[in-house]
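Peer 1: coords please:
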Amino acid sequence: NPKEMAALDGFAQGTQEYPDRSTTLILLVDDLASGPSLLLEGPGIEKTSMIAPRGMPRHFVEQWKQNNQRFPRGVDIILAAPGSLACLPRTTRIKTMEA
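Peer 2: Next comes the predicted model:
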């Protein structure tokens, strides 16, 4: 259950010399369209992209910002939902879209 997942910094982060020795997490979420809206930016995204995954870990956005700051170290995440996938490499910047 992603909501009860350990903090991202508890997984292998790789090293400055070998960042490829980090963890890639595959999180099974309910869907990518009915949860809190997240704005994605970074390499591989032309301008911005939006996803709204339902069933994410608590404090995910705050943890992701810390993960992003560890570059080139850090974890990568694949979000898997029925019929869809979203890949979040550690270089992706995420902002919440709050009303």
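
Peer 1: From now on I want contacts and neighbour counts done on CA atoms only, so please keep to that.
Peer 2: Noted.

Peer 1: quick one, what contacts the residue in the chain sticking out farthest from the centre?
Peer 2: Distance from the centre of the chain peaks at E17, with 22.5 Å (Cα atoms, centre = their mean). Taking Cα atoms under 8 Å, 6 or more residues apart in numbering as the definition of contact, E17 has no neighbours.

Peer 1: Just say helix, strand or coil for it.
Peer 2: With DSSP: H, G, I helix; E, B strand; the rest coil as the basis, E17 sits in coil.

Peer 1: any idea how far A52 is from the nearest residue to G55 once chain neighbours are set aside?
Peer 2: Leaving aside its chain neighbours, G55 sits nearest to V29 (5.2 Å; criterion: Cα to Cα, 6 or more residues apart in numbering). Taking Cα to Cα, to the nearest Å as the criterion, V29 is separated from A52 by 10 Å.

Peer 1: So these two - more neighbours on which side?
Peer 2: V29 (20 against 17; other Cα atoms under 10 Å).

Peer 1: what's the more buried one in contact with, if anything?
Peer 2: V29 touches P2, P53, R54, G55, M56, L79, A80, A81, counting by Cα under 8 Å, 6+ apart.

Peer 1: Could you identify the buried members of the residues you listed?
Peer 2: P53, R54, G55, M56, L79, A80, A81 (16 or more other Cα atoms under 10 Å).

Peer 1: tell me the contacts of the last one?
Peer 2: To tie it back to what came earlier, the one meant is A81. Shown in contact with A81 (Cα under 8 Å, 6+ apart): L28, V29, D30, D31, L32.

Peer 1: what about the first one, how many neighbours?
Peer 2: Looking back up the chat, that one is L28. Neighbours of L28 using other Cα under 10 Å come to 18.

Peer 1: Enumerate the beta-bridge partners assigned to it.
Peer 2: Taking DSSP bridges as the rule, L28 bridges to A80.
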